[in-house]
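Peer 1: predicted model and sequence below, questions to follow.
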Amino acid sequence: MQNKRFEWLSFGTWGLGLLGIIGCIILYLIKDDNISNFLSANKFLLIFISLFVIGVISSCCYMRYCEKEATLTEKQIIDYIKKAISEDTKIKIDESVVSRIEVKLEDIQKQHSAFETTLYEKLENAFFTKNSNIKFLQNMAASISDKNSAWTKEQIERFLKCMESINDMMKKEK
């Protein structure tokens, strides 16, 4: 509210000064002795010029202040969010935003369940049937024994541990 008052005051001062300058110039050009003596146009011209200059300077300051105030940096935005969270500030969210978030959440849940189902089926095919276990392990062992293999010692040790646990599981199933 105070910013609006300052805005009107500065632009009003600017406008009043401009109108005064124009009026003084018109009166000065008329050169009527009665008006010149009565108003002393030179003094009024100086007063209105100073009003005009003050109005222009205050308007420029106001515009620069508003421009700085309106521009928020990313750090300021993050600070405002952190402050709102730390103070447990209630934030009002529009219904359209809530509905869009719910739709996105449902899409993510559908994708997650589809992915989970597919992953479970692939894992089941790869690890829970004896034939696929053997074929899978044979392919892995063949890739380890290849001379151009990029397997590290740690990966080979992990593979051997997995192989042992799978063999133990297969023995328990029998």
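Peer 2: Perfect, I can see it now.

Peer 1: next, the distance between the ends of stretch 141-155.
Peer 2: Stretch 141-155 has its terminal residues 12 Å apart, counting by CA to CA, to the nearest Å.

Peer 1: mind listing the helices for the chain?
Peer 2: Along the chain, the segments classed as helices by DSSP state H run 2-30, 33-39, 41-70, 74-86, 95-123, 130-145, 153-173.

Peer 1: buried ones in stretch 157-164?
Peer 2: The neighbour-count check on stretch 157-164 (16 or more other CB atoms under 10 Å) flags Phe159 as buried. Every residue, glycine included, has its C-beta placed from N, CA and C.

Peer 1: least reliable of the helices of the chain by average pLDDT, please.
Peer 2: Mean pLDDT per stretch puts helix 33-39 lowest among the helices of the chain, at a mean of 57.

Peer 1: show me this protein divided up by domain.
Peer 2: As recorded under automatic domain parsing, the domains making up the chain are 2-72, 126-174.

Peer 1: any idea how far Val56 is from Asp146?
Peer 2: Counting by CB to CB, to the nearest Å, the gap from Val56 to Asp146 is 82 Å.

Peer 1: and the spatially closest residue to Val56 that is not a sequence neighbour, what is it in contact with?
Peer 2: Among residues not flanking Val56 along the chain, Trp14 sits closest, at 5.5 Å (CB to CB, 6 or more residues apart in numbering). Residues counted as contacts of Trp14 (CB atoms under 8 Å, 6 or more residues apart in numbering) are Phe52, Gly55, Val56, Ser58, Ser59.

Peer 1: from those, pick the one nearest Leu9.
Peer 2: Taking CB to CB as the measure, Leu9 sits nearest to Ser58 out of those, at 7.5 Å.

Peer 1: any chance of the contacts of Trp14 in CSV, plus neighbour count and distance to Val97?
Peer 2: Shown next, in CSV, are the contacts of Trp14 (neighbours: other CB atoms under 10 Å; distance: CB to CB, whole Å):
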residue, neighbour count, distance to Val97
Phe52, 19, 48
Gly55, 20, 43
Val56, 16, 43
Ser58, 17, 40
Ser59, 19, 38
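
Peer 1: any chance of those in TSV, plus distance to Gly23?
Peer 2: Shown next, in TSV, are the contacts of Trp14 (distance: CB to CB, whole Å):
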residue	distance to Gly23
Phe52	12
Gly55	15
Val56	18
Ser58	21
Ser59	20
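
Peer 1: what number of residues lie near Phe48?
Peer 2: Neighbour count for Phe48, taken as other CB atoms under 10 Å: 20.
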